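# Next one to model:
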Amino acid sequence: MVAAFLLPGVVGRGGPAAATMAAACGQPTGLTQRISIATGGTGGVYYPYGGGIAKVISDNLEGVEATAEVTAGTVDNLKFIANRSADLGFALADSLDDSFHGRGAFDEFGAVPARAIAVLYDNHNHLVTLTSTGVTSIADLAGRVVSTGAPGSGTEISAFRILEAAGLDPEQDIRRQSLGAVTSVDALRDGKIDAFFWSGGIPTGSVLDLATTPGRTIRLVPNGGVLETLQTRYGALVYHGSHIPQATYPGMDGDVATIAVSNVLVAHEAMDAELARGITAALFAYHDELAAVHPMAGVLSLESALVGSPVPFHDGAAAYYSERGVWDGAGQ
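Residues are numbered from 1 along each chain as shown. Prediction:
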C-alpha cells in the first residue's frame with residue numbers, strides 16, 4: 001500500500017518545501033508509520049537536535065510519527081541502523097567510516113549499510129579539566145583519572161585515537177573511566193576525575209553547566225597538535241582542524257585548537273527513497289525551527305550538507321539535492 005507524505009509549502013533557509021510525495025512504505029493508507037531516531041545522551045547535542053528533527057517530521061510529513069531515542073552514541077546508533085531497530089541515526093564520520101568498512105568497533109559486527117541524509121555540523125573534541133588540576137596538555141594526563149566517554153560512543157573512539165596519537169596508551173598510561181558527558185561533568189566537579197574527553201557541538205549544555213559552576217574554572221586542553229598524525233592514520237576526510245572560540249564557555253582565556261569531525265545523519269540503505277527524500281526536504285524547509293532547538297542546527301546549508309560524509313548518500317537524499325541544483329555525485 002502507499003502512504004502520502006505531505007510536506008507543506010513552508011519557506012525556510014533551504015527554500016520552498018516539496019509538494020505532496022507518495023511513498024511506498026508497506027503500510028495501509030491512513031495508518032501512521034513510526035520511525036525511531038537514534039541520538040545520544042541527554043547532555044549532548046544529538047538528543048535535543050534529534051528531538052527537533054522528530055518534531056519536524058511528525059508535524060509536517062503526513063502519516064509519519066518520529067521519536068528521538070536516548071542512546072550511548074554513534075557506535076550503538078550505527079548498529080541500531082544495521083539491525084533496523086532505528087530508522088535514522090546520528091553518527092560521527094570516523095565511526096561511520098569504520099562501520100562502512102566493518103573495522104574497528106565493527107570488526108566482529110560487520111559492515112553497516114548506512115547511507116547519508118545530510119552532514120549536519122562539526123563535533124569538536126573537548127578535553128575538559130579544571131584549572132585546579134594543573135593539566136595543561138595531553139601529556140599531563142599520564143597517571144591521571146580520565147573519562148574517555150561512554151562505552152560504544154564516538155567520544156570513546158576519538159579519545160582513544162587522540163591519546164594514541166599523543167603517545168599515550170589509553171589502557172596503560174591513564175586511569176581510565178568510561179562516563180558519558182553529564183556523568184563526566186559531575187565527576188570532574190566533585191574531584192573524582194581529573195579530566196574528560198567529549199566530542200560534541202558547541203556549546204555543549206553539560207560543559208556549559210560546569211563552566212558556570214561557582215568556584216570552578218574550566219580549562220579546555222588543546223588537542224589540535226595531533227591532527228597531522230590522525231590524518232595520516234585515518235584520512236583528511238575524517239578529521240580536520242578547528243578551534244573552540246573563547247566566548248563558547250565562561251572561564252576560557254583564549255581560542256582552543258581542536259580536532260573536528262563531521263556529524264552525519266544516516267539511514268539504512270533500504271529506507272524508502274521517497275521517505276528519505278521527504279526527511280531531507282524537511283531539514284531545510286524547517287531550518288529555522290530546528291535552529292531554535294540548538295545553535296548547531298543553524299549551521300546546516302545545502303552546500304555544507306554534502307561535505308564530509310565518508311559513506312555514499314541515500315538515493316532519496318540525492319534526489320532532493322539534485323532537485324535543488326547542488327548535487328554533483330557527492331559521496332558516490
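
# switch to C-alpha atoms for all contacts and neighbour counts from now on
Fine.

# what residue ranges in the stretch 1-150 of the chain score low on pLDDT?
For the stretch 1-150 of the chain, the stretches with pLDDT under 70 are 1-30.

# neighbouring strands for the host helix or strand of Ser262, and are they parallel or not?
Using DSSP states H and E, Ser262 sits in strand 256-268. Looking at strand 256-268 with DSSP bridges, its partner strands are strand 88-92 (antiparallel), strand 114-130 (antiparallel), strand 240-244 (antiparallel).

# could you dump the ones you listed to a markdown table with distance to Glu228 and mean neighbour count?
Formatted as a markdown table, the strands paired with strand 256-268 follow (distance: least, C-alpha to C-alpha, whole Å; neighbours: other C-alpha atoms under 10 Å):
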| stretch | distance to Glu228 | mean neighbour count |
| --- | --- | --- |
| strand 88-92 | 19 | 31 |
| strand 114-130 | 15 | 26 |
| strand 240-244 | 9 | 19 |
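
# number of nearby residues for Gly167?
Residues lying near Gly167 (other C-alpha atoms under 10 Å) number 13.

# nope, Gly254 is what I was after
12.

# Repeat that for Gly44.
24.

# How about stretch 43-63, which residues are buried there?
Residues 43-58, 60-63 are the ones in stretch 43-63 that count as buried (16 or more other C-alpha atoms under 10 Å).

# Remind me what the helix or strand that contains Phe197 packs against, helices and strands.
Per DSSP H and E, Phe197 falls inside strand 195-200. Strand 195-200 sits against strand 114-130, strand 145-147, helix 154-165, helix 181-189, with contacts defined as 3 or more C-alpha pairs under 8 Å, 6 or more residues apart in numbering; DSSP states H and E.

# can I get the CA coordinates of the helix or strand just after it in CSV?
Going down the chain from strand 195-200, the next helix or strand is helix 205-211, by DSSP H and E. Extracted C-alpha coordinates of helix 205-211, given in CSV (Å, rounded to 0.1, in the frame of the first residue of the first chain):
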residue,chain,number,x,y,z
GLY,A,205,25.0,22.1,27.6
SER,A,206,26.6,19.9,30.2
VAL,A,207,30.1,21.5,29.7
LEU,A,208,28.4,24.9,29.8
ASP,A,209,26.8,23.9,33.1
LEU,A,210,30.2,23.0,34.5
ALA,A,211,31.7,26.3,33.3
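
# buried ones in helix 205-211?
205-208, 210-211.

# Then stretch 159-172?
Using 16+ other C-alpha under 10 Å as the test for burial, stretch 159-172 gives 159-163, 165-166, 168, 170.

# In the protein, mark out all the helices, start to finish.
Ranges of helices within the chain are 46-60, 74-82, 93-101, 154-165, 181-189, 205-211, 227-234, 273-285, 287-293, 315-323, based on DSSP state H.

# tell me the contacts of the residue lying closest to Ala260 once chain neighbours are set aside?
Excluding the flanking residues, the one nearest Ala260 by C-alpha to C-alpha, 6 or more residues apart in numbering is His124, at 4.7 Å. By C-alpha atoms under 8 Å, 6 or more residues apart in numbering, the contact set of His124 is 199-202, 242-244, 258-261.

# Mind putting the buried residues of helix 205-211 into a markdown table with distance to Gln231 and pLDDT?
A markdown table is the format used below for the buried residues of helix 205-211 (distance: C-alpha to C-alpha, whole Å; pLDDT from 0 to 100):
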| residue | distance to Gln231 | pLDDT |
| --- | --- | --- |
| Gly205 | 29 | 89 |
| Ser206 | 29 | 93 |
| Val207 | 27 | 96 |
| Leu208 | 29 | 96 |
| Leu210 | 31 | 97 |
| Ala211 | 31 | 97 |
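
# got the domain boundaries for this structure?
Following automatic domain parsing, one finds the domains of the chain at 2-121+263-323, 123-261.
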